[in-house]
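**Q** What would the 3D arrangement of this be:
(chains A and B)
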Amino acid sequence: AQSVTQPDIHITVSEGASLELRCNYSYGATPYLFWYVQSPGQGLQLLLKYFSGDTLVQGIKGFEAEFKRSQSSFNLRKPSVHWSDAAEYFCAVGARAGNNRKLIWGLGTSLAVNP
Amino acid sequence: EAQVTQNPRYLITVTGKKLTVTCSQNMNHEYMSWYRQDPGLGLRQIYYSMNVEVTDKGDVPEGYKVSRKEKRNFPLILESPSPNQTSLYFCATKSSYNSPLHFGNGTRLTVT
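**A** Residues are numbered from 1 along each chain as shown, chains lettered A, B, ... in the order given. Next up is the predicted model:
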């Protein structure tokens, strides 16, 4: 079955520390992968996406993610976290569903940043 | 500026009272969809529309209706809301089959 797992429900890091948010997916075909961020009271904003090519993708706000097919993972990283990065982060895989490219979502990782 | 606009942002209503949540996009996208977000259940697709006059059920369509009479608008209709429809609702749009979704800011609905 197609699924996305974000193993960490909640993570707390100190400002300036590095960050890695984990995402594992189960999908039989070549995955289209996304990371979104949701700030309180806001909609979801795309951070980055992977379709093909270079497995290390750069996104907005200094985030990057690495696609590892052998591990079925698409982990999100940031070298130095800022207080404004506190938010909910969602990983998603685009799955083919008839004539629709449907997103299968992880349940999210809530990030808190200590000053 | 590219926008997906939902209204209202907050809505409190009573069981059985019909309501409509509007969604409008200015990106000329053909694809639009509705999601609900619930703690522990994540984001689930309610309905989607590939084009004007074409709509399809998502994963949780029960209790909802949609219409797509024009490209920019995709209202979500709850004809007889129930408390289990209390949720955070998002409208989203994308430009093509593999494109990422652009989301509205959400509508927090409470049904008492």
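**Q** Thought B:P81 was touching B:K17, still the case?
**A** Yes: using CB atoms under 8 Å, B:K17 makes contact with B:P81 at a distance of 6.6 Å. Any C-beta I mention is one placed from the backbone N, CA and C, and that applies to glycine too.
**Q** Give me the more crowded residue out of those two.
**A** Ranked by neighbour count (other CB atoms under 10 Å in any protein chain shown), B:K17 and B:P81 place B:P81 first, with 23 against 11.
**Q** ok, the more buried one - contacts?
**A** Counting by CB atoms under 8 Å, 6 or more residues apart in numbering or on different chains, B:P81 touches B:13-19, B:63, B:109, B:111.
**Q** try it again with 10 Å
**A** Applying CB atoms under 10 Å, 6 or more residues apart in numbering or on different chains to B:P81 gives the contacts B:11, B:13-19, B:63-64, B:109-112.
**Q** Now it, what are its backbone angles?
**A** Here is the backbone geometry of B:P81 (degrees, to the nearest 10): phi -60, psi 150.
**Q** What confidence value was assigned to it?
**A** Among the per-residue scores, B:P81 shows a pLDDT of 98.
**Q** residues in contact with the residue in chain A that chain B sits nearest to?
**A** Chain B sits closest to A:G43 of chain A, with a gap of 3.6 Å, by CB to the nearest CB. A:G43 is in contact with A:36, B:4, B:6, B:88, B:90-92, B:101-106, counting by CB under 10 Å, 6+ apart.
**Q** any chance of these in a markdown table, with secondary structure and neighbour count too?
**A** Shown next, in a markdown table, are the contacts of A:G43 (DSSP: H, G, I helix; E, B strand; the rest coil; neighbours: other CB atoms under 10 Å in any protein chain shown):
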| residue | secondary structure | neighbour count |
| --- | --- | --- |
| A:Y36 | strand | 25 |
| B:V4 | strand | 22 |
| B:Q6 | strand | 21 |
| B:L88 | strand | 17 |
| B:F90 | strand | 25 |
| B:C91 | strand | 29 |
| B:A92 | strand | 25 |
| B:L101 | coil | 26 |
| B:H102 | strand | 21 |
| B:F103 | strand | 22 |
| B:G104 | coil | 26 |
| B:N105 | coil | 16 |
| B:G106 | coil | 22 |
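**Q** which of the residues you listed lies closest to B:K69?
**A** B:C91 (15.4 Å; CB to CB).
**Q** Name whatever forms a beta bridge with the closest one.
**A** In this entry, B:C91 is beta-bridged to B:W34, by DSSP bridges.
**Q** do you know how far it is from B:R44?
**A** 14 Å (CB to CB, to the nearest Å).
**Q** re earlier: looking at the nearest residue to the residue of chain A closest to chain B once chain neighbours are set aside now. What's its pLDDT?
**A** Of all residues not flanking A:G43 in the chain, B:F103 sits nearest, at 3.6 Å (CB to CB, 6 or more residues apart in numbering or on different chains). Per-residue confidence (pLDDT) for B:F103: 96.
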